[in-house]
Each structure stands twice: as structure tokens, then as C-alpha cells.
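**Student:** Fold the following for me, if possible:
(2 chains)
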Amino acid sequence: MAVCIAVIAKENYPLYIRSVPTQNELKFHYTVHTSLDVVEEKISAVGKALGDQRELYLGLLYPTEDYKVYGYVTNSKVKFVIVVDSSNTSLRDNEIRSMFRKLHNSFTDVMCNPFHNPGDTIQSKAFDGIVSGMMVQTA
Amino acid sequence: MDQESGAASAGSFISLNEHEQRYYSGLHGLCQADTSGKLSSSKVAELFKASQLPPESLHKVTEVCGAKRLGYFGTSQFYVALKLLAAAQSGLPIRLESITANLPLPRFVGLKNEPEMRYSTVPPSMDAQGAQCGSALGSLIWTTADRNTFRHLEAGTDKKEPWSPPRSPCSSPPRSPLTYRSYPYAKQRNGVDPQIAYESKHSSRPIVQLEQHSSPSKYGTKPTVEHPAMAQASSVERLEQQGVSDYTEDDPWRITEEQLEYYTNQFKSLQPDLGALILGAVAKNFFTKSKLPIPELSHIWELSDVDRDGALTFSEFCTAFHLIVARKNGYPLPETLPPSLRPGFMQHEEDIPDTPESAGPLIVFEHPGRRLNQMDPSTMQRLQPSLTSTKQDLKEESSKQDVKMLATSQDKETLQLGAFPERPEPPQDLDPQMKTKTRPRSYSSTSIEDAMKKAEEPPTPPPRPQKTHSRASSLDLNKLFQQGAPGVKGGWLLPPPALPPRPTASQVTHFIGTSEKSVQSKVQQPNFADFSHFREEEESSVKPEDQGPHSRFGLSTEDLTNPSKQDMTAASHNQPPQKPVRRKYLPESQNLETVPPPAVPFPPPAKPPQKLLPRQKKEIQQAIRKNRETNAVLTRLNSELQQQLKVVHKERVTLESQLELLRPLAST
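**Tutor:** Model (predicted):
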């Protein structure tokens, strides 16, 4: 269960950020922003190998004492970032991958909507629903 | 409320029919009732003046309805007064007794041409009302749910009526239900807006102006603004009045026939082929004209595009359109699709499906069951209308047989084409399944499966109906049905004949397997022969039946068994998998049903096992035919794949040659 989920556009501005303990939003925003550097680094590291076979799932970007940050990049350079609580050790890699896959699918649904302009913030209720389902259920 | 007035009102309320209720409530709102229920007397006076009755009649009306005594117009007095006005306008004396008569609706601002003429019969008055309300519909553009606007516009824009008649033919009838639907919907009248918005491209400004002009007194500004909207609305209202009488459902999410027709027309305007898709951009432009906010449109899209392919099929389009209309009427957007808007439901209502095209895949599905996974859900959706259409086109029994056979050949999952009552559920099952399906099923994919499917679709349809007609609806089944008509009403007559072969099939296959059973088969064959002879006139020209009479005369049954054996072996590998499933659909009760109908034509000697054999043969032959068709399809597939393989080979060769060229360079 994630604590914060963010979707960042290709130009590195956020399309969607949602965190569960809403009082600490700024902290998560900052975390996500700093994680972008790590994402870029990982992208460039893999990029020299033709690129099309690049793994979408980036894995654990970096851990802090409080939480872990996972990254995922789509082929259109849209980045998904999931922040999970470090105390929540039961989350396995597969689960994170499945969360990213769900995110990607619903993100694609949003993109397919002709009324959504790429670059707008994501306002789809279905997407919200998916994200809520993945967030920690407290608060 | 006074007792007398209450009695009068009670009397009037009893006689208020649906139209009147609505009309009166609208007028009631128009007169701006305050919290205590009293109507503003000035407004009432205005209304009365608009009825163009002489002042003394108006006074009389006021007196009779009890308002004069009370000093104000309550709801009941108002309604009584309205009825009295109607009575007066139709020439009846202004008295309480007149209320009980079957009156047309009272007319206001009767600058209408001939008020009396319109009161001759109800329909003309309906027309008049329609024309009146047509102008009122101009007010429908007002997003306010204010009844004042509705009734008021009608009063104010009657002079625009001359415009309405010329326009009325232009507008499409189906728009009516949308407006009439708006009536039961929380008494809001914005239903016409979408059509108006769509029809008149310049509607944006008028709508804005209308929204601003919420006061009822602005008659003058209405003309130009409302002209386009009202003109179309007038005809809509006209039909709406006719449609009012059809109003039976309370479900706002159900699409009526007229609405469906209208949606179809709109769909055709965007995309002539009903089976094709409307692309996202096209749909976006179209729905943007409805002037709904973009987030709402986005949400509507999410709800209606169930296969998530970025394009709208016909049913998706209807769903989206209907949601937009509902939203325009003030209904909040649902979070999930209402059941009546689900694709399955839509398919059920569709009478305009693309029959031949989608009848094709029905055959394709028989064999490549695994390809179901890759089939587009929208194609599957289309299959359901095709199924409905095929059922409508073909005879009921034969179509049911086809459905069953089709279902039996399909492995499982999405198309659970069982009994008809199951129809709504499979589509709903489809929904979650579709949502969980992976992306590559989108229409934009130029996958091989799509190409092959499309190639398969056109050729296969023709044989199907012929086959069924030649086989099923020809002599035997027709006679069967006639004979069994008194007994079996539900049209399940054919399926029972289809099923029973199962035990004999197993017996016959068993016979094929083991030679010791030849005796058994011979025992069966004479029965079979007797049976077939008896029914030989009904059977089509198939070898076993031809040999039926021979075997009857004691000729070797091996001749009979050989063809049947061939049939069985040919179809046996298909029979066993099909038949158990078929059995699942039709329990033994069907078997029992087979007994009475054949019992009618057949003398007592006919036993159930005997009857099963010729039917079994029919089944076999049908199965053979289907197998041949699938064979043809597969050979076509094969050839196409071969071609693609050649292309790929060529590409590979070119790439390898390039590699060869590059290698010496790299090594150096």
C-alpha cells in the first residue's frame, strides 16, 4: 500500500500527485521531485542499449529511513513514482510491479480519452479510484 | 384550504390527466408561488389575460374556483381555474361541472391562429400545445430548472410560431423522446438542448443569452435568439406530446426507441457505417458541441468507452449520447454505467445491427476458440446484435439451434450464449473481463488477427443462413414445428431434436470403436431404418436417409452404418465436445419434449431412441458443413499466413545481407 503516488510528465512537471497523510504533502512532493533525478539517471544508464528494450520498471530508486521510493517509466517518458512506507516491509517487488502495471493501464485509459489533453493534470475519476485503491487505507 | 374549493379541487384533481398535470404544474410554477402556496395574483392575472377570454369570464372563473372567496390562488384553486379556462375556451359554461369533462389544455396568449379549431380534438390541441411548447423549448436551453421559464416562454414566443411550422419537418422525430423524457426527469426541460446545440451551430451565443435572460418578461429579446432553438424545439415538442402518451418507464437511463433512432441518425452523420467506430477526435468535436464542461465529457467518455479503445462503437456512442442528454436534463453523472446502459443491454435493443458482417465471426469462433482472447470485445459486442439479428432473421428454431451449436463449440468465457434470459448477464461479465484485458486488443492494432478476422467475416455469412434454411427450416423441421406447435410453444422444438442424438451418438461411436457392437448397431439400425423410412419424406437427400428404405427392406445395414460411421468419424471429434455442452443447456426435459411432438406424427412404434437417429444424422451433417466451413476459413488463414511468412523471410534475407556487408567493416 502506497503512501504517495505521483505521475510526472515528460517535461518533469507533475500530472498527478496524491498522498495519503495529506498533512505531509509537501514532504512527499519534495521526495518525488528529488526522485526524478534518480529516475533520469537510471534512464540514461539503460538508454545506451537501443532503448526499446528498456525495462519499464525501474525498481527501488532510493530508500530513506522513513520510506522507499519506486520508479517506473513509460515509453513516452512519463514517470510513475510510488512512495511506500518503510515499515511496510511486506510489500514485495511483484506487488509493486503490479501496482505500476495498474497505474499504467489506467493512465493509458485516461490518455485514450479524447477529452483529455496530454499535459493536463489528470482529472479522471476512474484514475482516482485506481489510485485510491492502491493507497494506504488509513485516514 | 376551503372545503368547497377543496372539493372542487379534488374533483379537478381526479380528472387531471398526465398532460394536464404537467402543464398545470408548469403554469403553477410560472405564477411564482410563494412558500405558503399562494400564487402571485399579478402573475395569475397575466396568465388569465393571456387566455384571451373576456374579462367577465375570467371573473367568473376566479369566482368559481374559489379564489375569489379565499382572496388568493392556492394550488387547487389554480388548477380548477385552469380547467375552467380550458372549458371556457372550448365553449363550455364556466361551472364546476365543466371540469369533469374531458377538456383540452387551456391555451394562453391565444394569439395562436385558431384556438377553437385546435380544441376540436385532442391531437390538434396537442399540436397547438406542441407549437406553444416549442417556443417554450427555447427556454429549455436555460439550464435553470425553472418552470417559469418553460411556461413563460411559451407565452412570450407564440409570435414566433409562424417560424415553427416550416422548421418542423426538418427536425428529426426522435428528438421528441428526449424532451418528453425531460418532463418526468425532475420536471426539468433541458432535454432538447443537446439536439438544439447540435443542430444549430450558432447556438452558443443564443444559449448564453438565454441563460442570462431568466426573467420572464423579456419577450422582445427572445425572437432572434430562440429562433433556431425554438424552431427545432417546436417540432420536437409536437412529437413530444405524442410521445408523452408512450411514457411508461421511469428509468432515466433507459434509451427509448425514438432516442435510439435519433442516436442512430447522429451516428450515421458522423460515420455512415453503423458497425464502424467513431474515432475519438471526431467524437470529441461532436460532444463538445453539447456545451458540457470538459471534465464531465471526459467522465462520460470514460463511462461509455467500455472497451477502452479510444473510439466509440455504435452502442458506446448511444451510451455516451444518452449520458450527455441525461446530464443536460440535470441528472448527475453516475460513477459507473447504469445497468440499462450497459453494452449488453444496448445490444439487446439494437435492431439495426450489421447482420452479415458480424454473422461471420460466429462461424469463425467455432474453431479458433483460443482466439477469443484476442478478439476485440467490441466485435464480441457486435456478435450479440448479430445474434439478435440472426435470430430475428432466421427462423426461431433454427437460430436457436445455431446459437446452441455455436455456444457448444466455443470453449468458455465471454460469449456464454446460453438461453436467452442469460443475455444480460454475459455482457456484464464482459465488462469486467474487457477491462482487465490487456491493451493490444485495441482497434488501432493492425494485428494479423484483425486482418484475418476481417477477411473471414465476409465470406462466411452466406452459407450460414442457407445452411440453416436448407437444413432446418426445410421440410422436416417445419413439419415438426407444425406438428409440435400445440405442444411446444416456446420454440424449443428444434433444440430438443438436436440434443437427443447424444445417447445414440455415443452408442454409435461406441459401436464404431468396437466391432462387437455391430449387433447392437444392427439392432439400432433397423429401428433407425424404420424411423428414417417413416420420416423419409421429411429428410433431405442424404445418403443414410436414402438408404433408410433400403435397410427397411432388409438390405445390409452396413451400407447404412458406413455412411453414418463416416459421418460419425468425421464429426465425432467434434461431436463429443459439443454434445456434452449442449446437453448442459437442455436438460432431459427437452428430451421429454421430443417425445410428444414426434409422437404426434408417428405411430406408437416410434420410440425415442429411434427418433434420435435421423436427427442425429441431421446434426452430423450440419456439423460436417460447419467443419467444412471452418476448414475453408482456416485454409484462407493459412494462405495469408504463408504470404506473411514469405514477406518476413524476405525481410530477414535483406537484413542478413546488410549484416554481411557491415561485418567486414566492423571487423576492420
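
**Student:** OK, contacts around residue A:112?
**Tutor:** Going by C-beta atoms under 8 Å, 6 or more residues apart in numbering or on different chains, residue A:112 touches B:280, B:305, B:308-310. Just so you know, the C-beta spots here come from the backbone N, C-alpha and C atoms, and that holds for glycine as well.

**Student:** Need the max-distance pair from the residues you listed.
**Tutor:** Within the contacts of residue A:112, B:280 and B:308 form the most distant pair, 11.2 Å apart (C-beta to C-beta).

**Student:** Buried ones in the helix or strand bottoming out on mean pLDDT in chain A, by neighbour count?
**Tutor:** Least confident helix or strand of chain A, by mean pLDDT, DSSP states H and E, is strand A:57-63 with a mean of 80. Using 16 or more other C-beta atoms under 10 Å in any protein chain shown as the test for burial, strand A:57-63 gives A:58, A:61.

**Student:** before we move on, what about stretch B:59-73?
**Tutor:** Residues of stretch B:59-73 classed as buried by neighbour count (16+ other C-beta under 10 Å): B:60-62, B:64-67, B:70, B:72-73.

**Student:** average model confidence for that stretch?
**Tutor:** Across stretch B:59-73, the average pLDDT comes to 74.

**Student:** hmm, back to that, name the nearest of the contacts of residue A:112 relative to residue A:98.
**Tutor:** residue B:308 (18.5 Å).

**Student:** What strand or helix carries that closest one?
**Tutor:** If you go by DSSP states H and E, residue B:308 is not part of any helix or strand.

**Student:** Quick check on the closest residue to it other than its chain neighbours: phi, psi?
**Tutor:** Nearest residue to residue B:308, sequence neighbours excluded (C-beta to C-beta, 6 or more residues apart in numbering or on different chains): residue A:109, at 5.3 Å. Main-chain dihedrals, residue A:109, degrees, to the nearest 10: phi -60, psi -40.

**Student:** Distance check, residue B:620 against chain A.
**Tutor:** In this view, residue B:620 and chain A are 46 Å apart by C-beta to the nearest C-beta, to the nearest Å.

**Student:** Tell me, how many residues neighbour the residue in chain A that chain B sits nearest to?
**Tutor:** Chain B sits closest to residue A:114 of chain A, with a gap of 3.4 Å, by C-beta to the nearest C-beta. Neighbour count for residue A:114, taken as other C-beta atoms under 10 Å in any protein chain shown: 23.

**Student:** Look up phi and psi at it.
**Tutor:** Residue A:114 adopts backbone torsions of phi -70, psi -20, taken as degrees, to the nearest 10.

**Student:** Could you do the one 4 residues further on as well?
**Tutor:** Taking degrees, to the nearest 10, you get phi -60, psi 130 for the backbone angles of residue A:118.

**Student:** For it, give its distance to residue B:46.
**Tutor:** 55 Å (C-beta to C-beta, to the nearest Å).

**Student:** For the two, indicate the residue with more neighbours.
**Tutor:** The residue with more neighbours, out of residue A:118 and residue B:46, is residue B:46; 18 against 11, by other C-beta under 10 Å.

**Student:** what about the more buried one, which SS state?
**Tutor:** helix (DSSP: H, G, I helix; E, B strand; the rest coil).

**Student:** Return the residues in contact with it.
**Tutor:** With C-beta under 8 Å, 6+ apart, residue B:46 has no contacts at all.

**Student:** got it, and residue B:27?
**Tutor:** B:47, B:78, B:82, B:108, B:151.

**Student:** Residue A:5: which of those is nearest?
**Tutor:** Nearest member of the contacts of residue B:27 to residue A:5, counting by C-beta to C-beta, is residue B:151, at 51.6 Å.

**Student:** what about the residue nearest to residue B:308, how many residues close to it?
**Tutor:** By other C-beta under 10 Å, 21 other residues sit near residue A:109.

**Student:** didn't it look like it was pressed against residue B:306?
**Tutor:** No - using C-beta atoms under 8 Å, residue A:109 and residue B:306 do not qualify as a contacting pair, with a distance of 10.8 Å.

**Student:** So which residues of chain A form helices?
**Tutor:** Ranges of helices in chain A, per DSSP state H, are A:25-47, A:93-112, A:125-134.
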